[in-house]
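*Asks:* heads up, no residue letters with this:
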Ligand code: TMP
Ligand code: ASP
């Protein structure tokens with residue numbers, strides 16, 4: 001497998017074509033972005049730790065029956081993934097109130113949400129990822145009605161697997177965002193699952209262990225991601 005030309009460069013990752021038209025190399029850079037690109041920094045070792053955490057989680061999800069684009073780790077910063085036709089929506093599940101939910105509805109951070117809340121957002125930085133409903137997805141053709149049902153089911157299944165995984169490692173999975181894409185007529189989980197795209201709190205102290213450390217200038221961003229990796233048993237050697 002040879003890495004060929006750059007296909008797409010996002011805020012934190014770059015995708016490259018390979019000599020296999022169905023496979024891409026996903027490179028995790030140290031670049032870190034928040035507020036839809038409004039705040040950017042390069043944080044040494046972040047690409048490496050996120051690449052490793054993502055590989056670990058994607059493998060756990062595959063083992064639990066959630067199909068993902070992940071194929072294998074290639075090196076410190078790169079993983080091999082299946083090429084997907086991405087659906088331009090973000091699927092969020094919230095187990096505990098935080099972030100934009102608190103801002104939008106005036107609820108207190110930390111409120112337990114039972115059952116968890118599912119939300120769709122449009123993936124569009126210029127519009128600041130507005131919240132959308134199934135009806136917008138249908139009206140504008142962003143996904144087929146069956147795909148909407150599947151995305152909700154899969155995002156909930158991911159919660160079942162990962163909330164337990166993080167709980168066993170002493171962390172609360174507060175909320176997270178996942179994305180899906182099409183490959184050979186199937187819907188696969190794409191993008192990543194790392195502390196950049198979820199909220200994790202220490203189960204005892206509720207210390208923030210995710211990108212809120214960067215958003216809110218709490219410090220020790222990468223060190224804390226490395227602690228998440230260590231608690232999960234992710235090999236960082
Ligand atoms: P929010 O509270 O900002 O709506 O975010 C909810 C969760 O989804 C949080 O863990 C961060 C994640 N998320 C992203 O990673 N990228 C995004 O563009 C959005 C909208 C949310
Ligand atoms: N993921 C988005 C960004 O990179 C939003 C955020 O994390 O605050 O800007």
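*Replies:* Nice, thanks for sending it over. Bear in mind that the values here come from a model prediction, so they are computed numbers and not experimental data. Ligands and ions are numbered 1, 2, ... in the order given.

*Asks:* hey, let's count contacts and neighbours off CA atoms from now on
*Replies:* OK.

*Asks:* flag every residue of the protein that's near ligand 1.
*Replies:* The chain comes close to ligand 1 at residues 92, 98-101, 129, 175-177, 196-199, as judged by CA under 6 Å from any ligand atom.

*Asks:* can you name every helix or strand that the lengthiest strand in the chain contacts?
*Replies:* Ranked by residue count, the top strand of the chain under DSSP state E comes out as strand 112-122. Strand 112-122 is packed against strand 89-96, strand 131-132, with contacts defined by 3 or more CA pairs under 8 Å, 6 or more residues apart in numbering; DSSP states H and E.

*Asks:* show residues contacting that strand.
*Replies:* 88-97, 129-134, 152 (CA atoms under 8 Å, 6 or more residues apart in numbering).

*Asks:* which PyMOL command selects the buried ones in the residues you listed?
*Replies:* The buried subset of those, as determined by 16 or more other CA atoms under 10 Å, is captured in PyMOL by this line:
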select buried, resi 88+89+90+91+92+93+94+95+96+97+129+152
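
*Asks:* and ligand 2, which of the contacts of strand 112-122 reach it?
*Replies:* Counting by CA under 6 Å from any ligand atom, no member of the contacts of strand 112-122 reaches ligand 2.

*Asks:* spatially central residue for this structure, please.
*Replies:* Nearest to the mean C-alpha position of the chain, by CA atoms, centre = their mean, lies residue 193 at 3.6 Å.

*Asks:* measure it to residue 224 for me?
*Replies:* Going from residue 193 to residue 224 by CA to CA, to the nearest Å gives 16 Å.
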